[in-house]
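> Just a sequence and a predicted model for now, questions to come.
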There are 2 protein chains.
Amino acid sequence: MSAKIRLYVDHPLGAGQTVPLERAQAHYLFGVMRQTVGGQVALFNGRDGEWLAEVTRAGKRDGELSCLEQTRPLRMPPDLWLCFAPIKKARTDFIVEKATEMGAARIVPVMTEFTNAGRVQTDRLQAHAVEAAEQCGGTYVPEVAEPVRLDRLLDGWDGARHLMFCDEALAAEGGGAGLETRGPWAILIGPEGGFSEKERARLGRLEAAVAVRLGPRILRADTAAVAALTLWQLALGDWG
Amino acid sequence: MSAKIRLYVDHPLGAGQTVPLERAQAHYLFGVMRQTVGGQVALFNGRDGEWLAEVTRAGKRDGELSCLEQTRPLRMPPDLWLCFAPIKKARTDFIVEKATEMGAARIVPVMTEFTNAGRVQTDRLQAHAVEAAEQCGGTYVPEVAEPVRLDRLLDGWDGARHLMFCDEALAAEGGGAGLETRGPWAILIGPEGGFSEKERARLGRLEAAVAVRLGPRILRADTAAVAALTLWQLALGDWG
């Protein structure tokens, strides 16, 4: 059986385990969703799978749940990072939401030369990833990393992690050509103005990098993120 | 050479052709974008490709452009419809924008049993499609059709048009299995609550229909639209 409400908690889950609720979660569960003692909720913490739990105490500022049974095992996404140049607030939120639904393991805001975005609030983006995981039925929440400059990211790049980036001029063929090697990967989505010449040259020299082309029209960054994640998941991920 | 501003007009385009501007376009071009006589703009009308044009008259309420040379031929998208159950306003707008960028030829809002949306403003959605075409470099604007009930849509379904819909239970295999036949196609994206049993049975019986699975997580309708369009464009469309 499965509960309608799914809640991410940062607490161990297991048979008979008691789970205390934080203030915001108690407000959501009892104030907004009108749950009372005996109500059933699905819990996940990104480590122990999904558990059916029962409300055992419902307060205004806190509460407690008790785990009944595991309803889903932990399902890790593939070892795929989504690196993206932040854009306007709403579309950046969308990219984090979509990366979570589409099964990225880690989300990395990357500052490129043409990135035109204000301060990136990592904790707000992390909250979006949690919400998206609650909603999409996932048992894992991707970590939203602190923003990093593209040149620094590439300076420290692990050569074992392949990098797929979108560049019409550098892509040899259309579609998923070049996506053959299994193992850790990252997708890099550039800003609205594209990559600078210097950045493109650097990416072109990176041995682990593969340029792909996402069709004949120009895609907005949030569209490109979903399209690139689809391309990758079909070729190498868990969609097969 | 190519102009930075792209404008959709409903007027024939050709060498030496004069193009009058409507009030809203004159306001945008001269008021917002600060163009003056001699300024260059790219025009397209969905029929004659893209033309470089020069401002010959710039008024407060109207204006005129003169076509100089064709900068791109007309590029039609594949004969692909995106049929989708409208959702919340902002996400419905996003679906129309993304369908245009991703290369759908026609966009059809479909009312299913579990569709939970207010009135669909077709002309507002059409304006979003125009804006997305201006922005993505396309020379074609998909038509946004009037909303139609799913049962009526299927009653009048042209058997020559294949239909791809997303259903985990009915999909035989993951990925793009079943997307082999070329010709006219449509993609159908269900509402948040999914299709009803009756609708699923009817879709399952439709000879031209193929069920696909979009990965192991539940996607929001706007994410599913982009993922499904990617899947189709890779298998049968203009992304190869």
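In hand now; what should we look at? Only a predicted model underlies this, so the values are computations on that prediction, with no experimental measurement involved.
> Tell me the residues of chain A that contact chain B?
Listed as neighbours of chain B in chain A under the rule C-beta under 8 Å from any C-beta of the partner chain: A:75, A:94, A:97-98, A:101-103, A:135-138, A:174-176, A:213-220, A:223, A:226-227, A:229-231, A:233-234, A:237-240. Heads up, the C-betas are built off the backbone N, CA and C, glycines and all.
> Now, of these, which are buried?
A:75, A:94, A:97-98, A:101-103, A:135-138, A:174-176, A:213-220, A:223, A:226-227, A:229-231, A:233-234, A:237, A:239 (16 or more other C-beta atoms under 10 Å in any protein chain shown).
> Where helices are concerned, which of the residues you listed count?
A:94, A:97-98, A:101-102, A:135-136, A:223, A:226-227, A:229-231, A:233-234 (DSSP state H).
> doesn't A:Gly193 fall inside a helix?
No - using DSSP: H, G, I helix; E, B strand; the rest coil, the assignment for A:Gly193 is coil, not a helix.
> all strands for chain A, in order.
With DSSP state E, the ranges of strands along chain A come out as A:6-8, A:18-21, A:40-44, A:50-58, A:63-72, A:80-84, A:106-111, A:143-144, A:148-149, A:162-166, A:185-189, A:209-212.
> would TSV of the ones you listed with mean pLDDT be doable?
Output for the strands of chain A, formatted as TSV (pLDDT from 0 to 100):
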stretch	mean pLDDT
strand A:6-8	95
strand A:18-21	96
strand A:40-44	97
strand A:50-58	97
strand A:63-72	96
strand A:80-84	97
strand A:106-111	97
strand A:143-144	98
strand A:148-149	96
strand A:162-166	93
strand A:185-189	97
strand A:209-212	91
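> what's the closest of those to B:Tyr8?
Closest of the strands of chain A to B:Tyr8 is strand A:162-166, at 25.4 Å (criterion: C-beta to C-beta).
> partners of the closest one in the sheet?
According to DSSP bridges, strand A:162-166 forms sheet pairs with strand A:185-189 (parallel), strand A:209-212 (parallel).
> angle of that strand against strand A:80-84?
Orientation check (axes from the mean of the first three to the mean of the last three C-alpha atoms, to 10 degrees): strand A:162-166 against strand A:80-84 gives 40 degrees.
> List the neighbours of strand A:162-166 that are in contact with it.
Strand A:162-166 is contacted by residues A:157, A:178-179, A:181, A:183-190, A:195, A:203, A:206, A:208-214, A:224, A:228, A:231-232 when judged by C-beta atoms under 8 Å, 6 or more residues apart in numbering or on different chains.
> please redo it, this time with the cut-off set to 6 Å
With C-beta atoms under 6 Å, 6 or more residues apart in numbering or on different chains as the test, strand A:162-166 has contacts from A:Thr181, A:Trp185, A:Ala186, A:Ile187, A:Leu188, A:Leu203, A:Ala208, A:Ala209, A:Val210, A:Val212, A:Leu214, A:Ala224.
> the domain parsing of chain A - what is it?
If you go by automatic domain parsing, the domain ranges for chain A are A:6-72, A:80-236.
> Just say which of these is most tucked in.
domain A:80-236 (a mean of 19; mean count of other C-beta atoms under 10 Å in any protein chain shown).
> How about the contacts made by the most centrally placed residue in chain A?
Using C-alpha atoms, centre = their mean, the residue of chain A that lies closest to the mean C-alpha position is A:Thr100, 3.2 Å off. If a contact means C-beta under 6 Å, 6+ apart, then A:Thr100 has A:Ala129, A:Ala132, A:Ala133, A:Pro142 as its contacts.
> For those residues, work out which two are farthest apart.
Largest separation among the contacts of A:Thr100 by C-beta to C-beta: A:Ala132 and A:Pro142, giving 8.9 Å.
> Hmm, A:Asp48 is touching A:Leu13, no?
Yes - assessed by C-beta atoms under 6 Å, A:Asp48 is found in contact with A:Leu13 at 4.1 Å.
> Check A:Gly240 and give its pLDDT.
Here, the pLDDT recorded for A:Gly240 equals 71.
> For chain A, which residues score under the pLDDT cut-off?
A:1-3, A:168-176 (pLDDT under 70).
> can we see that at 50?
A:1 (pLDDT under 50).
> ok, back up a step: just give me the closest of the contacts of strand A:162-166 to chain B.
Using C-beta to the nearest C-beta, A:Leu214 comes nearest to chain B of the contacts of strand A:162-166, at 7.2 Å.
> residues in contact with the closest one?
Per C-beta under 6 Å, 6+ apart, neighbours of A:Leu214: A:Cys166, A:Ala224, A:Ala227.
> now the residues you listed in TSV, with distance to B:Ala85?
Output for the contacts of A:Leu214, formatted as TSV (distance: C-beta to C-beta, whole Å):
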residue	distance to B:Ala85
A:Cys166	30
A:Ala224	25
A:Ala227	21
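> Quickly name whichever of the contacts of A:Thr100 is closest to B:Leu68.
Among those, A:Ala132 lies closest to B:Leu68 (C-beta to C-beta), at 47.4 Å.
> got the contact list for the closest one?
Applying C-beta under 6 Å, 6+ apart to A:Ala132 gives the contacts A:Glu97, A:Thr100, A:Glu101.
> The last one against A:Gly137, yeah?
So the one you mean is A:Glu101. No - judged on C-beta under 6 Å, A:Glu101 makes no contact with A:Gly137 at a distance of 9.3 Å.
> intersection of neighbour lists for these two?
Joint contacts of A:Glu101 and A:Gly137 (C-beta under 6 Å, 6+ apart) are B:Arg217.
> about what we covered before: spatially, what comes nearest to the residue nearest to the centre of chain A if we skip its sequence neighbours?
Closest residue to A:Thr100 apart from its sequence neighbours, by C-beta to C-beta, 6 or more residues apart in numbering or on different chains: A:Ala132 at 3.8 Å.
> just A:Leu74 next, same as before
A:Gly49 is the one closest to A:Leu74 (C-beta to C-beta, 6+ apart), at 4.4 Å.
> I'd say that neighbour and A:Arg75 touch.
No - judged on C-beta under 6 Å, A:Gly49 makes no contact with A:Arg75 at a distance of 7.9 Å.
> Quick check: neighbours shared by those two?
Common contact partners of A:Gly49 and A:Arg75 (C-beta under 6 Å, 6+ apart): A:Thr139.
> start to end distance for stretch A:193-201?
Length of stretch A:193-201, first residue to last, C-alpha to C-alpha, to the nearest Å: 16 Å.
> Then stretch A:13-30?
Using C-alpha to C-alpha, the end-to-end distance of stretch A:13-30 comes to 21 Å.
> which residues sit against that stretch?
For stretch A:13-30, the external contacting residues (C-beta under 6 Å, 6+ apart) are A:9, A:11, A:35, A:43, A:45, A:48, A:51, A:58, A:61-67.
> For those, which two are the farthest from each other?
A:Asp48 and A:Arg61 (25.8 Å).
> related to what we said a few turns ago, distance of the residue nearest to A:Thr100 from A:Ala104?
As judged by C-beta to C-beta, to the nearest Å, A:Ala132 and A:Ala104 stand 11 Å apart.
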